[in-house]
Every structure is written in C-alpha cells, then in structure tokens.
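Undergrad: model the following, please.
(one chain, ligands or ions: 2)
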Amino acid sequence: MYKSGFVTVIGRPNVGKSTLLNQVIGEKISIISDKPQTTRNKIQLVYTEENSQIVFLDTPGIQMPKNKLGEYMLKISKSTLEEVDVVTFMVDNSMETGSMDNLIIEDLKYISTPIVLLINKTDKLNEEEILQLIDKYDKMNMFEEIIPISAINNTNIDKYIEVLKRIIPEGPQYFPDDMITDQPERFIIAEIIREKALLSLEEEVPHGIYVEIDGIKERENKNIVDVFANIYCEKDSHKGIVIGKNGTKLKEIGQNARVDIEALLGSRVNLQLWVKVEKNWRERDNKVKYFGYK
Ligand SMILES: Nc1nc2c(ncn2[C@@H]2O[C@H](COP(=O)(O)OP(=O)(O)OP(=O)(O)O)[C@@H](O)[C@H]2O)c(=O)[nH]1
Ligand SMILES: [Mg+2]
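TA: Ligands and ions are numbered 1, 2, ... in the order given. Sure, this is the predicted structure:
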C-alpha cells in the first residue's frame, strides 16, 4: 500500500520551520535567517520513501500584517490549513505562550485537520523544561501528537516522520522520486541572494529587499554560468547601505551567494548584482503582485 499526503508547517516567524524542512529533505531549498519573516511564499518540499511520499508546505511565519506584503503572507499561511492532510504547528523553546501563538491556537481550534505540535529548539532546554512544555500543550487537548525536536541538531525528526506516515492516507505518488521542490531554479537562486542579503544587512533594510533574476546564461563550451540579478530596496537611503562603503557590502553578499549557487548548479558561476530602488514597494498592492506575491 502506498501512502501520501500534504503537510503544512505553520508557526510564528523564526521558530525554525524552514530549518526543519531542509533537514527533512536533506537539502537547502528554503532559506533560513535569524530575522523574522524570512520565508515569503508557500514552498513545496517533497520527501519520498519507497512506500510513501509527503509533500510539505513551508509557509511564511504568522504575524500581524504591517503592509500589503504581510497581508499576502498571512493569507497564504492560513489558506493551507483546510487543504492539507496534516497541519504541523511549530512553537519554539519559550516557556510562556506568546500572544501570537495564542491567536494561532484559537484559529486551529476550528479546523478539522489533524494537528501535530512540534516544540523546536529543545537544544536550549533541560529535560524538566521539555516535560513542562509538553504537559502544558497536552492540556489543550487539540494535538494528535506533541513532539519535542531540535531542527538544527536533527533530534527527533525521524519520530516526526513516523507520525506523519501513520496519519497520511493511502494515495498516489504525486511527484517523481528525484523531485524535491516545486520551485524553479530561478526562484531558488533569487532566494539564495535574498538570504545572503538578510545575513549581511541590519534592522529594517533586509525586510524591504526583493531579488529579481534578470538572466541565467550558460557559456558555450565552458563550465561557467552567468547570473544577472537585481536587488530592489525600498528607499534611496537603503541603496547605499546595500552597496556599502566602496561596494564592500554588495561584494560580501555576492561572494556568499555565489558559493551557494555554484553548489546548487554544480558549475562555476559569475554573479552580477545591481541594486535598484522601488519606492515603498511592500505598501503597494500592484508592486507586491508584480513581484510575484499573489
Ligand atoms: N537553537 C536552535 N536554533 C534553531 C533551531 N532551528 C532553527 N533555529 C534558528 O532559528 C532561526 C530561524 O530559523 P528559520 O528556519 O529561518 O525559521 P522560520 O520559522 O522558517 O522563520 P520565517 O521564515 O521567518 O517564518 C535561525 O537562526 C535558525 O538557525 C533549533 O533547533 N535550535
Ligand atoms: Mg522560513
């Protein structure tokens, strides 16, 4: 009997959803950073075994929207809840349930989809604290399973997969064995560049970044690929910050991104980055849509 199903992973920004899913599929597809709201789209990540296939949906962290981009992100995170076979709700190691977590929990009470709770970042907790947290969530009586994990250390992820394989229904293999994501190479390359920008930039600048791939060209007879990309920011003043003194910031972003893109493509890469300004694009519905968030 072949089993298959769709599993969405939701939770506050920064709890570790993308870290978990990269760990599960064993490749870095979803970008990760220590800044909230790293993931902006719904990304499918496919996990295939001999007798089962699980299609995971990585989603943007749920928070109160502050602009049009935020509204879009909230909508896609919530829209998956009723469409999937299992909802995974992830919280982190905080001993207090925050107000955003409480709002998500309220929403989850009204769905009929089975919910698995993952308590992540247990590498930061002792045994006693882990048991306390499990007990607290267990009393809510709404989770099919509660699993303490550490996404970064790969702790208990196998248990999570076992639980999912038990819950998902009999079904077909949706995607071929070797397919791990629905996202095109072009998207992953843009995301790698955005991740490196998140890594290198501080404060409000990284959240207003959008990366557009202008072209990917393989040079004839040479194992080298030219990648042309534009980094958009929201303000003129941000442009200077992204470029940095004597172009050092942009160079750092480019060098870090190139290493990852080379690993992804399996060839040498010549990466050309340009910085442009698209004033307050996150506030503008048509711009948010134009950039592909729809
Ligand atoms: N200590 C610890 N840190 C973790 C663990 N998992 C993830 N992190 C860190 O938490 C931060 C956020 O990780 P992400 O995977 O980007 O979180 P996310 O939930 O996808 O965030 P959004 O996309 O913004 O919603 C990163 O700095 C990770 O390295 C873990 O198990 N333990
Ligand atoms: Mg993420």
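Undergrad: what about the residue nearest to residue 125 when sequence neighbours are not counted, distance to ligand 2?
TA: Nearest residue to residue 125, sequence neighbours excluded (Cβ to Cβ, 6 or more residues apart in numbering): residue 93, at 5.1 Å. Placement of C-beta: from N, CA and C, glycine included. Separation of residue 93 from ligand 2 (Cβ to the ion, to the nearest Å): 17 Å.
Undergrad: need the three-state assignment for residue 93.
TA: Following DSSP: H, G, I helix; E, B strand; the rest coil, the label given to residue 93 is coil.
Undergrad: and the contacts of stretch 139-156?
TA: 16, 19-20, 23, 86, 89, 105, 108-109, 114-123, 125, 130, 133-134, 137-138, 157, 159-160, 163, 167 (Cβ atoms under 8 Å, 6 or more residues apart in numbering).
Undergrad: now list the buried members of the residues you listed.
TA: Buried by 16 or more other Cβ atoms under 10 Å: 16, 19-20, 23, 86, 89, 105, 108, 114-122, 125, 133-134, 137, 157, 160, 163, 167, out of these.
Undergrad: so what does residue 27 look like in phi/psi?
TA: phi -140, psi 150 (degrees, to the nearest 10).
Undergrad: how about the helices in the protein?
TA: 17-25, 68-79, 99-108, 127-138, 157-167, 185-200, 236-243, 248-265, 285-290 (DSSP state H).
Undergrad: which helices and strands sit right next to the first one?
TA: With contacts defined as 3 or more Cβ pairs under 8 Å, 6 or more residues apart in numbering; DSSP states H and E, the secondary structure elements packing on helix 17-25 are strand 3-11, strand 43-48, strand 52-58, helix 157-167.
Undergrad: would you turn these into JSON lines with distance to residue 254?
TA: Output for the helices and strands packed on helix 17-25, formatted as JSON lines (distance: least, Cβ to Cβ, whole Å):
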{"stretch": "strand 3-11", "distance to residue 254": "31"}
{"stretch": "strand 43-48", "distance to residue 254": "24"}
{"stretch": "strand 52-58", "distance to residue 254": "26"}
{"stretch": "helix 157-167", "distance to residue 254": "33"}
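Undergrad: quick check: the residue of the chain positioned farthest from its centre vs residue 210, distance?
TA: For the chain, the largest distance from the centre (Cα atoms, centre = their mean) belongs to residue 221, which lies 35.7 Å off. Separation of residue 221 from residue 210 (Cβ to Cβ, to the nearest Å): 34 Å.
Undergrad: quick one, what contacts the residue in the stretch 1-150 of the chain that ligand 1 sits nearest to?
TA: Sorted by distance to ligand 1 under Cβ to the nearest ligand atom, the residues of the stretch 1-150 of the chain start with residue 61, at 2.6 Å. Counting by Cβ under 8 Å, 6+ apart, residue 61 touches 11, 12, 13, 14, 15, 17, 36, 37, 38, 39, 73, 77.
Undergrad: which one of these sits in the busiest neighbourhood?
TA: With neighbours taken as other Cβ atoms under 10 Å, the top of the contacts of residue 61 is residue 17, carrying 30 neighbours.
Undergrad: show me what the nearest residue to that residue once chain neighbours are set aside is bridged to.
TA: Distance criterion Cβ to Cβ, 6+ apart; nearest residue to residue 17, sequence neighbours excluded, is residue 9 at 4.7 Å. Taking DSSP bridges as the rule, residue 9 bridges to residue 58, residue 88.
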